[in-house]
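Colleague: only geometry, no sequence info:
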């Protein structure tokens, strides 16, 4: 999973850098607080979360719907309608479209990450073929010559954006390797340029961009998923041998090398640390919950469940406050990590992540299991009432026959 959108400052910085995705806001102990809507701001009833959606509205909505789908929760119709209503006529999605009744203009730049995340969510939910098809066509139209994608069209390709678009293509049945720019290069050609060799610092990691080789925390987990041709919601394959970095120029080997880097980075504390906030001087390292969850997803997707186990345990023990302060995208990240790992997100360190996510937006429709249980309960009540009714009729007939003359009223069925 690619990282989710963090704070206003982080998002602003990421826009300058062209970063693909940033994580939902962490608590005050770890990062600046999430921006709150102004008193005059009225958020749409179909939107998940209550914080300012200017930078992450479509992203967090897409993650929320996708996470619900992985646990068989059917989102509210208005939640899906809100997301589809964010699409521009071109097929692109902006980060957030405050007034969906007005056409998208130059002041509302299209966002490749938001578009790719929306495609993955809507493809998983089904029934949105026209919307999805239009967005996929737009993504193909803005592919860079190196085969990859940047955060906004025309921007330099980066590992995060390229990976989340690969996931979108795969979610609709496309073969990413066959989606080529006019130059003949595919998304994997671009992704391999971000993969570091197995020697030197950060061996095996995926850098954010070739010109920004020092940024790896936000891009390696994303790069692993992209190199595997997987989206944000994955189910891990059968366990494989411990991750190890090895020479090779294939996407599959690059994914394993990235997994080896993540194992090494997680080994000491069980979690990843966040990058310093802009302007901070010698800040103490702080846990990066979002990227740590992404690391679990990436390791699970590459078959390294055993090497992700300690980190999953750490998340279960320590992520509650972060998720509560951060909102729907954070809950979704944890649900997707648990799903990939094979854990139960409804029993996550004693918490029900699904219930917590659902509470941040419009109440979802009943899941298939809930409907089945309700149907069974109703059928049982009907049977119980039917059986009791027969005996009451028999009893009434008997009493009447001995001259008691009691009038029996019908029994109200259980609701």
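Modeller: Received the coordinates, thanks. All of these numbers come straight from a predicted model, not from anything done at the bench.
Colleague: quick one: contacts for residue 53?
Modeller: 43, 47, 60, 96 (Cβ atoms under 8 Å, 6 or more residues apart in numbering). (C-beta placed from N, C-alpha, C; glycine too.)
Colleague: can you give me phi and psi for the second one?
Modeller: Backbone torsions of residue 47, given as degrees, to the nearest 10, read phi -90, psi 140.
Colleague: And for it, the neighbour number?
Modeller: For residue 47, the neighbour count with other Cβ atoms under 10 Å is 23.
Colleague: Please check the contacts of residue 53 and keep the buried ones.
Modeller: 47, 60, 96 (16 or more other Cβ atoms under 10 Å).
Colleague: For the closest residue to the last one other than its chain neighbours, give its distance to residue 76.
Modeller: Counting by Cβ to Cβ, 6 or more residues apart in numbering, the nearest residue to residue 96 once its immediate chain neighbours are dropped is residue 57, at 3.4 Å. Counting by Cβ to Cβ, to the nearest Å, the gap between residue 57 and residue 76 amounts to 16 Å.
Colleague: neighbour count winner among those two?
Modeller: residue 57 (27 against 19).
Colleague: from what I can see that one touches residue 95, true?
Modeller: Yes - counting by Cβ atoms under 8 Å, residue 57 touches residue 95, with 6.5 Å between them.
Colleague: of the buried ones among the contacts of residue 53, closest to residue 236?
Modeller: The closest of the buried ones among the contacts of residue 53 to residue 236 turns out to be residue 60 (Cβ to Cβ; 24.3 Å).
Colleague: thinking again about what came up before, can the contacts of residue 53 go into TSV with extra columns for secondary structure, pLDDT and distance to residue 294?
Modeller: Listed next are the contacts of residue 53 as TSV, based on DSSP: H, G, I helix; E, B strand; the rest coil; pLDDT from 0 to 100; distance: Cβ to Cβ, whole Å:
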residue	secondary structure	pLDDT	distance to residue 294
43	coil	89	27
47	coil	98	23
60	helix	98	15
96	coil	97	22
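Colleague: Could you work out the most separated pair of these?
Modeller: Going by Cβ to Cβ, the pair spanning the contacts of residue 53 furthest: 43 and 60, at 11.8 Å.
Colleague: where along the stretch 301-415 of the chain do the helices fall?
Modeller: Chain-ordered helices for the stretch 301-415 of the chain, with DSSP state H, counting those that start in this stretch as the definition, fall at 305-318, 320-326, 328-341, 353-358, 368-401.
Colleague: list the contacts for residue 256?
Modeller: 243-246, 302 are the contacts of residue 256 under Cβ under 8 Å, 6+ apart.
Colleague: Looking at the contacts of residue 53, spot the one nearest residue 327.
Modeller: residue 60 (7.0 Å).
Colleague: Next, the most centrally placed residue in the chain: secondary structure please.
Modeller: In the chain, the residue lying closest to the centroid (Cα atoms, centre = their mean) is residue 63, at 3.3 Å. What DSSP: H, G, I helix; E, B strand; the rest coil gives for residue 63 is helix.
Colleague: give me every residue that touches it.
Modeller: 4, 117, 121, 232, 328-329, 332-333, 336.
Colleague: Ok, residue 139 next?
Modeller: 112, 115-116, 119, 149, 165, 168-169.
Colleague: Need the pLDDT of residue 241.
Modeller: Looking at residue 241, its pLDDT is 89.
Colleague: So what does it have for phi and psi?
Modeller: Backbone torsions of residue 241, given as degrees, to the nearest 10, read phi -60, psi 160.
Colleague: Residue 94 now?
Modeller: phi -80, psi 180.
Colleague: How many residues are close by the nearest residue in space to it that is not next to it in sequence?
Modeller: Distances taken as Cβ to Cβ, 6+ apart put residue 108 closest to residue 94, at 4.7 Å, once the chain neighbours are dropped. Residues contacting residue 108 under the criterion other Cβ under 10 Å number 17.
Colleague: Please report phi then psi for residue 108.
Modeller: phi -120, psi 80.
Colleague: any idea how far it lies from residue 252?
Modeller: Counting by Cβ to Cβ, the gap from residue 108 to residue 252 is 38 Å.
Colleague: now do residue 97
Modeller: 38 Å.
Colleague: who has more neighbours, these two?
Modeller: Higher neighbour count among residue 97 and residue 252: residue 97, with 21 against 13, using other Cβ under 10 Å.
Colleague: Identify the residues contacting residue 176.
Modeller: So residue 176 contacts 166, 169-170, 186-188, 229 (Cβ under 8 Å, 6+ apart).
Colleague: neighbour-wise, which of those residues leads?
Modeller: Going by other Cβ under 10 Å, residue 166 tops these with 32 neighbours.
Colleague: what about the helix or strand where it lies, average pLDDT?
Modeller: Assigned by DSSP states H and E, residue 166 belongs to helix 159-171. When pLDDT is averaged over helix 159-171, the result is 98.
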